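Enquirer: Can you look at this prediction? I've put the sequence above it.
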Amino acid sequence: MPIPFTCPHCGTHTEVSDEFAGSSGPCAQCGETITIPVPGGPAGYAAPEKRSSGLSTVAVIVIAVVGVFVVCGGILTALLLPAIQSAREAPRRAQCTNNLKQIGLGLQNHASALKRFPSAYGEEKPGGPPSSWRVHILPYMEQNGLYDQYYFEVPWDDPANLPLTNAMPMEYRCPSDPNTTAKETSYVAIVGPNTAMPAGGQITADDIPDGASNTLQITEIHNSGITWTEPRDLDADTLKYRINAPNKSGIRSAHSGGANVLYCDGSVRFLDNSVDPTVLKAMTTRDGGEQPVSVQY
């Protein structure tokens, strides 16, 4: 409906479409600024400036597109995350395997040079306190410098030896143990009178009638809490013979599905979580007379 309007500046009479009610602009006759009145309002009344009650179409489209990308990106990330984690874990597990091979080489070199494996907590110096096998094999892992810094006359946690705990060889830490401290080892022996690593005394290859390839010597232990120079490992008498048991005791790793272990012949194998406890216990004895068993590697 047209709105009759008279310019207050030049007196020109005209009619303006009601869609311009409340709008301001120049008079077509005199050029002065005028405001179109609102029908039914007082003379000279102008409606407040109109504001958009919502987002523009372009903004809605942009937000919708961004939302689609966010949702799709989240779904894609969720789908790819297991693959990404698996891709990262593969080289870590390979490095863990290599660490155990290097430890196995050190043990084999020790046995070759001295005609015997080290004991778990041997006395390198007569009358000295127990010291860890991890220290004993340092010279056979090209770590003579570290070995020479260790004082066998005093305990591992004596002030004279404590600085050495900060110099743990990288072979003693699994890269899949992100929370493991720089002093904490990921690899331990299974210690007991019938194992390949007795607490006292040393064995030779002839003392493993079950066969070196059938006898487990060193295993992973995730978050062990054991300082690498500390003469402490897994006790065969109290060990729960389960891999990655829910109670987080015994043989455990940060790898999915199982754990790496080292045998007396220097071979490294990945034992599945499903290995039967009886079979696993048989692997840890060197002279139990058990028949070789097949397990999933």
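Expert: Sure thing, it's come through.

Enquirer: can I assume Ile190 is in contact with Thr284?
Expert: Yes - here Ile190 reaches Thr284: they are 4.9 Å apart, a contact under C-beta atoms under 8 Å. Using the backbone N, CA and C atoms, a C-beta is placed for each residue, glycine as well.

Enquirer: What count of nearby residues applies to Lys248?
Expert: 11 (other C-beta atoms under 10 Å).

Enquirer: Please name the residues that touch it.
Expert: Asn223 (C-beta atoms under 8 Å, 6 or more residues apart in numbering).

Enquirer: State the pLDDT value of it.
Expert: Lys248 carries a pLDDT score of 75 in this model.

Enquirer: That one: helix or strand, and which one exactly?
Expert: According to DSSP states H and E, Lys248 maps onto no helix or strand at all.

Enquirer: hmm, back to that, between Ile190 and Thr284, which contacts overlap?
Expert: Joint contacts of Ile190 and Thr284 (C-beta under 8 Å, 6+ apart) are 216, 236, 239.

Enquirer: Can you list phi and psi of the last one for me?
Expert: Main-chain torsions, Leu239, degrees, to the nearest 10: phi -70, psi 130.

Enquirer: Now do the helices in the stretch 151-297 of the chain.
Expert: 277-284 (DSSP state H, counting those that start in this stretch).

Enquirer: Thr204 - nearest residue in space that isn't next to it in sequence?
Expert: Nearest non-adjacent residue to Thr204, counting by C-beta to C-beta, 6 or more residues apart in numbering: Arg116, 5.0 Å away.

Enquirer: That neighbour: what's it in contact with?
Expert: 110, 202-204.

Enquirer: mind checking pLDDT for it?
Expert: Per the predicted model, pLDDT is 93 at Arg116.

Enquirer: measure it to Arg232 for me?
Expert: 22 Å (C-beta to C-beta, to the nearest Å).

Enquirer: Then Pro246?
Expert: With C-beta to C-beta as the criterion, Pro246 and Arg232 are 23 Å apart.

Enquirer: Give me the neighbour count for Gln143.
Expert: With other C-beta under 10 Å as criterion, Gln143 counts 16.

Enquirer: if I read this right, it contacts Met170, doesn't it?
Expert: No - here Gln143 does not reach Met170: they are 10.6 Å apart, not a contact under C-beta under 8 Å.

Enquirer: which residues in the stretch 51-200 of the chain form strands?
Expert: 121-122, 131-132, 187-191 (DSSP state E, counting those that start in this stretch).

Enquirer: and Cys27, which of these is closest to it?
Expert: strand 187-191 (93.3 Å; C-beta to C-beta).

Enquirer: what's the closest non-adjacent residue to Ser119?
Expert: In space, Ser119 is closest to Gln202, 4.9 Å off (C-beta to C-beta, 6+ apart).

Enquirer: quick one: the one you found and Phe117 touch, right?
Expert: Yes - the pair Gln202 / Phe117 is scored as a contact, 6.0 Å apart, by C-beta under 8 Å.

Enquirer: Tell me which of these two has more neighbours.
Expert: Phe117 (26 against 19).

Enquirer: Contact partners for the nearest residue to the more buried one once chain neighbours are set aside?
Expert: Using C-beta to C-beta, 6+ apart and skipping residues adjacent in sequence, the residue nearest Phe117 is Ala111, 5.0 Å away. Counting by C-beta under 8 Å, 6+ apart, Ala111 touches 117, 204-205.

Enquirer: So which of those residues is the closest to Cys174?
Expert: The closest of the contacts of Ala111 to Cys174 turns out to be Phe117 (C-beta to C-beta; 22.3 Å).

Enquirer: still on that earlier bit, go through the shared contacts of Ile190 and Thr284 and name the one nearest Tyr121.
Expert: Distances from Tyr121 to the shared contacts of Ile190 and Thr284, taken by C-beta to C-beta, are shortest for Ala236, at 13.8 Å.
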